[in-house]
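Q: pasting the sequence and the predicted model now:
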Amino acid sequence: MLEMGKPRLRGGVTYPVPTPPVLNPPRLSLPAGEIRAHLLPSKACRLRTPGSLSTNPQPLPPPLPKKILTRTQSLPTRRTLHPSSIQVQPPRRPFLGSHSVDKSQAAVGPACLPAELTFGLADAPLGLSLRDLHSPEAVHTALAARQLQGLRTIYARLRARLMGGHPGPCHPGHSFRLLDSSPCAESGDALYYRVVRAHEDAWHILVAKVPKPGADVPHPWGLELQASLSPHFNLQGLCGLVPEGTLPGAPWRGAVALAAEVPERTVAQWLAEACTQPPEEFVWAVALLLLQLSAALKFLEAWGAALVELRPENLLLVAPRGCATTGPPRLLLTDFGRVCLQPPGPPGSPGPHAPQLGSFLRALLSLAAPSTTPLAAGLELLAAQLTRLRPSASRTRGALQALLWGPGPELRGRGAPLGPWLRALGPWLRVRRGLLVLRLAERAAGGEAPSLEDWLCCEYLAEATESSMGQALALLWD
């Protein structure tokens, strides 16, 4: 049996070396400073000085045959260390590629294998031990966790890109300049003019929200709520007020509010053009807009507020930042003058926005030619459920996500028991996450910019659980 002897140093890592059994005659005892001499490929054996031999001189062993060392991710060759210059260093991460070893390394190799494999992911190890590699369940669990972590990272980066560049509130040192004498957009109760806000070397393009003459007096509580909200992707954000007289030649009087996002048109104007698209494309675009609207209403319901009247002419569309030019626009809810206090009820209580969303959805679907796609059928069913069951905006949003990106009714056949149906949601979710990460990676490798739809899909799969998907499908098909 081999006994573990004095450790040898190889590339800064201490490896235990077996002590051979005592034979006759005894082997050479080399000092620590010349341990690596035999690794040099050009000299298989070098003569020692008399001072380097043990006290019992023995004849030198025959020279070793020359061998070519493969240096694919091999340990680097360094200068010979002297005992006085040896320093203890922390262990390095194992090299997982092929590297050359000598016979002493091969003899003790199994005892030196890493206890945990990193697969080159230095920032996020899989946490798999060697024993776990023989368990398919452990491997699948580790990969699913890594996919979810990657998906959440992609979602956060896309969110930072879409929400980046927010101008923040106004300060006394800011200066303003009117860009256009005519409005860039017109909603049901306001005109929007582009304004440049500058401070030192920083500047932002904002819009002045000018109320139309004769418009309804907005509710002050809703305006206070709008001014106090943190930035939200589907809610119009306010930056402050432009005092009267700040902009010479402005076609309005009095102080007006400044909004952060520059609108392009309203949902009512978009519908006049989009309804001429093919039915399948129009239905998909309607679902994406309604999904963003339900996200804004969900935020209001969480704050104990409700929109009294939902009007398409007060829903603005904005080009999202940092995205492909083609794709769905960003929807902004701006009608805070019609927002009132609505304390949230107990869990399961009727949603305050469900009847309006149901009527709005049916009106949108009536504008296009009938479609036989599963999405169109699902939206028709959702419109009926909104009127009958009155779900919250959160449940409505979950149902729209399931209609857009799955799972569909194929996971549960008519009359199938509930248990197997729910058990299929977990595997479906893990597979869907993995496929989305692969698709985004392929598109990024091809130089394609992500779209707003990519971010919305990432948001869904990063947040979804088996319970939330089960509630969404129950709303649609139960």
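A: That came through, no problem. Residues are numbered from 1 along each chain as shown.
Q: residue contacts, Cys170?
A: Applying C-beta atoms under 8 Å, 6 or more residues apart in numbering, we find Cys170 in contact with 197, 239-241, 258. The C-beta positions use only the backbone N, C-alpha and C, and glycine is treated the same way.
Q: surely Phe299 meets His232?
A: Yes: counting by C-beta atoms under 8 Å, Phe299 touches His232, with 5.7 Å between them.
Q: tell me which of these two has more neighbours.
A: Neighbour tally, Phe299 and His232, criterion other C-beta atoms under 10 Å: the higher count belongs to Phe299, 19 against 15.
Q: run through the residues that contact that one.
A: By C-beta under 8 Å, 6+ apart, the contact set of Phe299 is 232, 234-235.
Q: got TSV for those, with pLDDT, secondary structure and distance to Val286 too?
A: Shown next, in TSV, are the contacts of Phe299 (pLDDT from 0 to 100; DSSP: H, G, I helix; E, B strand; the rest coil; distance: C-beta to C-beta, whole Å):
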residue	pLDDT	secondary structure	distance to Val286
His232	92	coil	22
Asn234	96	coil	16
Leu235	95	strand	20
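Q: in TSV, list these along with distance to Pro218.
A: Converted to TSV, these look like this (distance: C-beta to C-beta, whole Å):
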residue	distance to Pro218
His232	19
Asn234	19
Leu235	15
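Q: show me which of those residues is closest to Ala474.
A: Among the contacts of Phe299, Asn234 lies closest to Ala474 (C-beta to C-beta), at 25.5 Å.
Q: by contact count, what packs against the lengthiest helix in the chain?
A: In the chain, with assignment by DSSP state H, the single longest helix is helix 136-163. Counting contacts by 3 or more C-beta pairs under 8 Å, 6 or more residues apart in numbering; DSSP states H and E, helix 136-163 packs against strand 128-129, helix 425-445, helix 452-463.
Q: between these, which gets nearest to Leu382?
A: helix 452-463 (15.8 Å).
Q: on that earlier part again, tell me the buried residues within the contacts of Cys170.
A: Using 16 or more other C-beta atoms under 10 Å as the burial test, these include 197, 239-240, 258 as buried.
Q: relative to Leu375, which of the residues you listed is nearest.
A: Among the buried ones among the contacts of Cys170, Cys239 lies closest to Leu375 (C-beta to C-beta), at 37.5 Å.
Q: other residues contacting the helix or strand that that closest one is a member of?
A: Using DSSP states H and E, Cys239 maps to strand 238-242. Residues outside strand 238-242 that contact it (C-beta under 8 Å, 6+ apart): 167-170, 176, 195, 197, 206, 208, 226-227, 255-260.
Q: tell me if I am right that Lys209 is in a strand.
A: Yes: counting by DSSP: H, G, I helix; E, B strand; the rest coil, Lys209 falls inside a strand.
Q: so it touches Ala257, yeah?
A: Yes: counting by C-beta under 8 Å, Lys209 touches Ala257, with 4.7 Å between them.
Q: and the two most separated of the contacts of Cys170?
A: Distance extremes for the contacts of Cys170: the farthest pair is Arg197 and Leu241 at 11.9 Å, using C-beta to C-beta.
Q: what touches both of these two?
A: Overlap of the contact sets of Arg197 and Leu241 (by C-beta under 8 Å, 6+ apart) consists of 170, 258.
Q: re the thing from before, now, which of the contacts of Phe299 sits nearest Glu280?
A: The closest of the contacts of Phe299 to Glu280 turns out to be Asn234 (C-beta to C-beta; 24.5 Å).
Q: burial count for that closest one?
A: Asn234: 19 surrounding residues under other C-beta under 10 Å.
Q: ditto for Gly173
A: Gly173, neighbours per other C-beta under 10 Å, totals 8.
Q: could you do Ala202 as well?
A: For Ala202, the neighbour count with other C-beta under 10 Å is 10.
Q: same deal with the one 5 residues further on?
A: Using other C-beta under 10 Å, the number of residues around Val207 comes to 26.
Q: just Gly327 next, same as before
A: Other residues within reach of Gly327, judged by other C-beta under 10 Å, total 17.
Q: what does the one 3 residues further on give?
A: As a burial measure, the neighbour count of Arg330 was computed by other C-beta under 10 Å and equals 21.
Q: kindly present the contacts of Cys170 as JSON lines, with separate columns for pLDDT and distance to Glu463.
A: JSON lines is the format used below for those (pLDDT from 0 to 100; distance: C-beta to C-beta, whole Å):
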{"residue": "Arg197", "pLDDT": "90", "distance to Glu463": "35"}
{"residue": "Cys239", "pLDDT": "90", "distance to Glu463": "29"}
{"residue": "Gly240", "pLDDT": "89", "distance to Glu463": "33"}
{"residue": "Leu241", "pLDDT": "88", "distance to Glu463": "36"}
{"residue": "Leu258", "pLDDT": "93", "distance to Glu463": "32"}
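Q: start to end distance for stretch 167-174?
A: This stretch, stretch 167-174, spans 12 Å end to end (C-alpha to C-alpha, to the nearest Å).
Q: in CSV, list the C-alpha atoms belonging to stretch 135-144.
A: The C-alpha coordinates for stretch 135-144 follow below in CSV (Å, rounded to 0.1, in the frame of the first residue of the first chain):
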residue,chain,number,x,y,z
SER,A,135,-28.9,11.6,-10.7
PRO,A,136,-31.0,13.0,-13.6
GLU,A,137,-33.3,14.7,-11.2
ALA,A,138,-30.5,16.6,-9.6
VAL,A,139,-29.1,17.6,-13.0
HIS,A,140,-32.5,18.8,-14.2
THR,A,141,-33.1,20.8,-11.1
ALA,A,142,-29.7,22.5,-11.3
LEU,A,143,-30.2,23.4,-15.0
ALA,A,144,-33.7,24.7,-14.4
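Q: and it, what's buried?
A: 138, 141-142, 144.
Q: okay, those residues in TSV with pLDDT and distance to Pro374 next?
A: Putting the buried residues of stretch 135-144 into TSV (pLDDT from 0 to 100; distance: C-beta to C-beta, whole Å) gives the following:
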residue	pLDDT	distance to Pro374
Ala138	78	37
Thr141	82	32
Ala142	82	34
Ala144	85	27
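Q: I figured Leu379 was touching Ala368, is that so?
A: No: at 11.0 Å, Leu379 and Ala368 do not qualify as touching, with contact defined as C-beta under 8 Å.
Q: more crowded one of these two?
A: Neighbours were counted for Leu379 and for Ala368 using other C-beta under 10 Å; Leu379 has more, 24 against 21.
Q: that one and Ser181: what is the separation?
A: In this view, Leu379 and Ser181 are 42 Å apart by C-beta to C-beta, to the nearest Å.
Q: that older thread, CA atoms only for the strand holding Cys239 - export them in CSV, please.
A: Taking C-alpha atoms only, strand 238-242 is exported to CSV below (Å, rounded to 0.1, in the frame of the first residue of the first chain):
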residue,chain,number,x,y,z
LEU,A,238,-44.8,63.7,-14.3
CYS,A,239,-41.6,65.7,-13.8
GLY,A,240,-42.9,69.0,-12.5
LEU,A,241,-44.5,72.2,-13.7
VAL,A,242,-43.5,74.8,-16.2
